[in-house]
Structure formats: structure tokens, C-alpha cells
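Colleague: What shape does this take:
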Amino acid sequence: MAHAWHLKSRPIGRPDLENFELKQIALPSLEEGHIHVRNLWLSVDPYMRPRMNDNPRSYVPPYEVGAPLDGGAIGEVVESRAPGFAPGDLVKHMMGWRDEAVLLATQATPIQPIKDVPIDAYLGIMGGPGLTAYFGLFDVAAAKAGDTVFVSGAAGAVGSSVVQLAKARGLTVIASAGGASKCAWIRELGADAVIDYKAEGSLLDKLRAAAPQGIDVYFDNVGGEHLDAALATGNEHARFALCGMISEYNGDGPSTSLRHLTQAVTCRMTLRGFISSDYLHRKSESETYVGELLATGKIKWRSTVFEGLNSVPEAFLALFEGENKGKMLIKLCGGTARSQC
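Modeller: Modelled structure (predicted):
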């Protein structure tokens, strides 16, 4: 019998374990054009938190109370009634938060592993976070030679990818992360200066000290005080790629005051929000570019891994405690040797 995590109740503020419930689910019969997948890796991501609210204006539908949750996953095909899919094939899909799933083959993407690239990277730097970082940095923010880039949430899946992609192009990178351990890791990834936003002192003062000539690009994963500081230090024609605002999702973080918003007019800045699905039609471009850098060791991949289906809500909640370095993943074993699980 398969099992899936369900949304038991809508969180008020920061979620807790009582908002989730693990239940048995009956898998539908395998019809023509469908595949049966046993999940090996599950992803939890900050964007899932707003989906737990009843907000029909979100760019993705809200989760339904009492229904199974979903999200990114990598699985192994155990049975197929679809051309091009055979038992043992590895696929990426969006029926996570569960151990097994039956889905249309069109809802799954085959994974053709690259030598020396771990399978779990296809939920991270070779997946959505890498795509978000690549297009956010080079398309939305139009980062170019000579730019100084400020990255918030730099120890997360997207932020750490942005740091490395920017350094691979020779850009100057100022990164923000919480805590000495995370800051040390971001320095290892090549950041020119790292700000510990949890340390004593004003974030704005720290950013001005790290970037005395100002910033040209801001990649925003956090919102709040970080966005305020970036507005205050942005140069003329600075470009802001607004990717996420995790400080706002639970309603318990510092709200963005926008007290420096007049700088956007004075300096003719561009502030542009985007989501990764805007670029799905060009994903092969980012996958090829990032894959080459990863395979040659020019960039690194790191994940924080929880074990077992029972740990999924715990891993999700840990995102909002800043417990992850890189991508937050859950490992489910039980596949063949091809799964690298």
C-alpha cells in the first residue's frame, strides 16, 4: 500500500507537525499512457508554504485541506504502459510527498544521468533551483562582466547556485547567509564577501562595507530587510531579480518597509519578479550550461538530506529554521543499483 502526506489543516503563521498527516492511498490501476513510479528522492521547497494558504491568486493552485501534497520528486519506473518508459528508468516528476505514484507519462521527465553528476542533483542545481538561478541571473537581471552581484539566502538551493554561476562568469559576488558555518561554506564556493545577517549589527551597514561602490544586481530570495538594504545600495540602472521572499511566508519575519524605494526612481532601477516556470521552454539551455560546469568541477553540488518518508514534514519545517545548506531533500531507498540510492 502506498502512503502520502496530506495537508491536515492550513497553518496560521509558521507551520508545525500538526498541520500534516500521513495516510495510506490507493493507487489507480495502470492504464494506457501511464507509469507506476517508486520515489527515491523528494524535494521540499519554500514555495510550498504559500500554497498551504487559501490564496487563489497564487501562481500555483493552493493545496487542498485533506488532500495529498505534491512537489518535486525523482523516482524509478516499476511498471509502464507508455512508450519510451521501461522498468528501471529514472524520471523526475511532481508527485512527491509520497512513496509511490501512478501518473501520465507526459507528467514525467526522463533523466539521462551525466557521469559524475549525482542523481539527487536533478532536484537541485540540475533542476528547478539551477534553472531559477541561471535565468534569474543572466536573463532577468542581465548580469554582465564588471557587475557586483548581491545574493540573499546564499546558502540555499537557489542562492548557492547563483553565487557559483556568477563567479564562473567572473563577477564580483556579495552573499548573505545566516550563521558562521553557512558563511564559511559560501566563501568556499567563491563569494568575494559574505555577510552574516544573524550577527550583531545593521545589515545595511554590512552591505555598504562589503560593496562600497554599490551593487549592480540583486538576486532576492528573502525579501524583508535584505530588499531594503539592496535598494539603499543599488547603483544606477541596477537590476533586481525577485525570486522569493521567504522572510514573508509565515508572517513572522521582518516585513519589507520599502523605505528606500525612492532609490529605484533616482537610480532608474529595474525590479522584476519571476518564477522558474517562465523558462521551462528553455530548460535545456540551463541544463546544458550547468551540467558542463558541474561535470568539470567548476561548480559544486550540495544537499541537506533527511531519511525516510516519515521525515518529510520535519525537513520542510527545517527550511524555515535555516537548517539547510544547499537543497533540502528526503531520501527514500528501495530502488535498483541504477538509482544510486
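Colleague: Leaving out chain neighbours, which residue sits closest to the residue positioned nearest the centre of the chain?
Modeller: In the chain, the C-alpha closest to the average C-alpha coordinate belongs to Pro129, at a distance of 4.4 Å (C-alpha atoms, centre = their mean). Sequence neighbours aside, Ala157 is the residue nearest to Pro129 in space, at 3.9 Å (criterion: C-beta to C-beta, 6 or more residues apart in numbering). All C-beta atoms are positioned from the backbone trio N, CA, C, and that covers glycine.
Colleague: Next, that neighbour: phi, psi?
Modeller: Backbone geometry at Ala157, expressed as degrees, to the nearest 10, gives phi -60, psi -50.
Colleague: ok, now how distant is it from Glu314?
Modeller: 18 Å (C-beta to C-beta, to the nearest Å).
Colleague: Could you do Ile195 as well?
Modeller: 29 Å.
Colleague: and these two? which has more neighbours close in?
Modeller: Under the criterion of other C-beta atoms under 10 Å, the comparison of Ile195 against Glu314 puts Ile195 first, with 27 against 15.
Colleague: before we move on, back to that, the residue nearest to the centre of the chain and Lys327 touch, don't they?
Modeller: Yes - under the criterion of C-beta atoms under 8 Å, Pro129 makes contact with Lys327 at 6.2 Å.
Colleague: Give the intersection of the neighbour lists for those two.
Modeller: Ala157 (C-beta atoms under 8 Å, 6 or more residues apart in numbering).
Colleague: hang on, the earlier thing: the residue nearest to Pro129 - how many residues pack around it?
Modeller: Neighbour tally, Ala157, other C-beta under 10 Å: 31.
Colleague: so it touches Lys325, yeah?
Modeller: No - using C-beta under 8 Å, Ala157 makes no contact with Lys325, being 9.5 Å away.
Colleague: picking up where we left off before, can you pull the contacts of the residue nearest to Pro129?
Modeller: By C-beta under 8 Å, 6+ apart, the neighbours of Ala157 are 45, 124-125, 129, 303, 324, 326-328.
Colleague: Return the distance of it relative to Glu225.
Modeller: 21 Å.
Colleague: Can you pull the phi and psi angles for Tyr279?
Modeller: Dihedral angles for Tyr279 - degrees, to the nearest 10 - are phi -120, psi 10.
Colleague: Could you find the closest non-adjacent residue to it?
Modeller: Counting by C-beta to C-beta, 6+ apart, the residue nearest Tyr279 is Phe135, at 4.4 Å.
Colleague: In a strand, Gly291, correct?
Modeller: No - with DSSP: H, G, I helix; E, B strand; the rest coil as the criterion, Gly291 is assigned helix and is not in a strand.
Colleague: Would you agree it is in contact with Pro113?
Modeller: No - at 10.3 Å, Gly291 does not count as touching Pro113 under the criterion of C-beta under 8 Å.
Colleague: Neighbour count: the two, which is higher?
Modeller: Between Gly291 and Pro113, counted using other C-beta under 10 Å, Gly291 has the larger neighbour count: 18 against 14.
Colleague: Run through the chain and note the low-pLDDT ranges.
Modeller: For the chain, applying pLDDT under 70 flags the ranges 252-256, 334-341.
Colleague: buried set for the strand or helix carrying Arg239?
Modeller: Using DSSP states H and E, Arg239 maps to strand 234-242. For strand 234-242, the neighbour count (16 or more other C-beta atoms under 10 Å) marks 234-235, 238-242 as buried.
Colleague: same deal with stretch 258-271?
Modeller: 260-261, 263-264, 269, 271.
Colleague: what's the answer for stretch 186-206, then?
Modeller: For stretch 186-206, by 16+ other C-beta under 10 Å, it's 186, 189, 191-197, 203-204, 206.
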